[in-house]
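**Q** need a 3D model of the following:
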Amino acid sequence: MAATQDAENAVRALARPDSGPVALAVVGTLAGAQLSEIMKRFAREHPNVNLTLRTATSAEVSDLIRRGEATIGLRYDRDPSRDLDCEVLFAERLQVVCAPDHPRAGRRAKRLADLRGERWIAFPVVPGRREISAAHVFALFQTHGLGDVAWTPVDSLTAQKRLVEAGLGIALLSQSNAAEELKSGALRSIGVGDLTARHDVVTVTRRGGFLSAASRRLLDIVRARYRGKSGRWKSAP
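**A** The predicted structure follows:
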């Protein structure tokens, strides 16, 4: 079915190279301000292209690309499947965030062990999902030999941030996911001396699949936008 869709798109591109559909599949937690700027720029450059956006988990993004239901995917971490091509855009640092009035707000903990008694807010554990779930938090504590921690499962990034703002727990978020709240002061960070957690953000395309000129241009815009910001995110304290 994906090959048939490729053939249709290739024929359509011969008649009108700068038109046709382009479907973007993105992990929900990456659908923020950066993605909005990417879509605005692409729409200005390609007014005749029908650009659609779907949000999904990382595993679902790969499946959408594999079935030909999406042209370009944006997800966390590489997919090792042989039928997909993955390109790392940047490695984004993870940080601990808390409410502005939290006793540790804006301060630095020497060790992750200092936060063992906190309640953590994270995505529930879902097989195949690569987002920052409770499994990531647990793995960090177990790696440091600290055992389990108390946590609250919340299946929405926005809801997680609102609960943290209300002082109902702390969370491990990527810098881009919390950038607006940290800038406005709605959230504060807690520096952790022995925390070096990061995850890769990658593009996904179907190996050997057809990419129209418009699709290739969108891929170039995605690369330029995220790689242009990655240096600042990496170097943040």
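**Q** could you list the low-pLDDT ranges of this structure?
**A** Counting by pLDDT under 70, the ranges of the chain that qualify are 1-20, 126-140, 142-147, 228-237.
**Q** domain assignment for it?
**A** Per automatic domain parsing, the structural domains of the chain span 2-90+199-235, 92-198.
**Q** reformat those domains as TSV; add mean neighbour count.
**A** Placement of C-beta: from N, CA and C, glycine included. Shown next, in TSV, are these (neighbours: other C-beta atoms under 10 Å):
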stretch	mean neighbour count
domain 2-90+199-235	17
domain 92-198	17
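**Q** the residue most central in space within the chain and Asp101, how far apart?
**A** In the chain, the residue lying closest to the centroid (C-alpha atoms, centre = their mean) is Leu30, at 3.7 Å. Computed as C-beta to C-beta, to the nearest Å, the Leu30 to Asp101 distance reads 29 Å.
**Q** what's the distance between Asp79 and Leu53?
**A** 20 Å.
**Q** check Ser189 too.
**A** 29 Å.
**Q** what bridges to Gln95?
**A** Assessed by DSSP bridges, Gln95 has beta-bridge partners Leu173.
**Q** for it, give me its contacts.
**A** With contacts defined as C-beta atoms under 8 Å, 6 or more residues apart in numbering, Gln95 is in contact with 172-175, 178, 189-191, 195.
**Q** go with 7 Å
**A** Contacts for Gln95 (C-beta atoms under 7 Å, 6 or more residues apart in numbering) come out as 173, 175, 189.
**Q** am I right that the last one sits in a strand?
**A** Yes: secondary structure of Ser189, determined by DSSP: H, G, I helix; E, B strand; the rest coil: located in a strand.
**Q** right, and it touches Ala99 too?
**A** No: under the criterion of C-beta atoms under 7 Å, Ser189 is not in contact with Ala99, lying 11.4 Å apart.
**Q** now His199: how far from Pro47?
**A** For His199 relative to Pro47 (C-beta to C-beta), the value is 35 Å.
**Q** shared neighbours of Ser189 and Ala99, anything?
**A** Contact with both Ser189 and Ala99 is made by no residue, according to C-beta under 7 Å, 6+ apart.
**Q** report the spatially closest residue to Arg225, excluding sequence-adjacent ones.
**A** Ile38 (5.2 Å; C-beta to C-beta, 6 or more residues apart in numbering).
**Q** doesn't that neighbour lie inside a helix?
**A** Yes: per three-state DSSP, Ile38 lies within a helix segment.
**Q** my guess is it contacts Asp220. True?
**A** No: assessed by C-beta under 7 Å, Ile38 is found out of contact with Asp220, at 10.5 Å.
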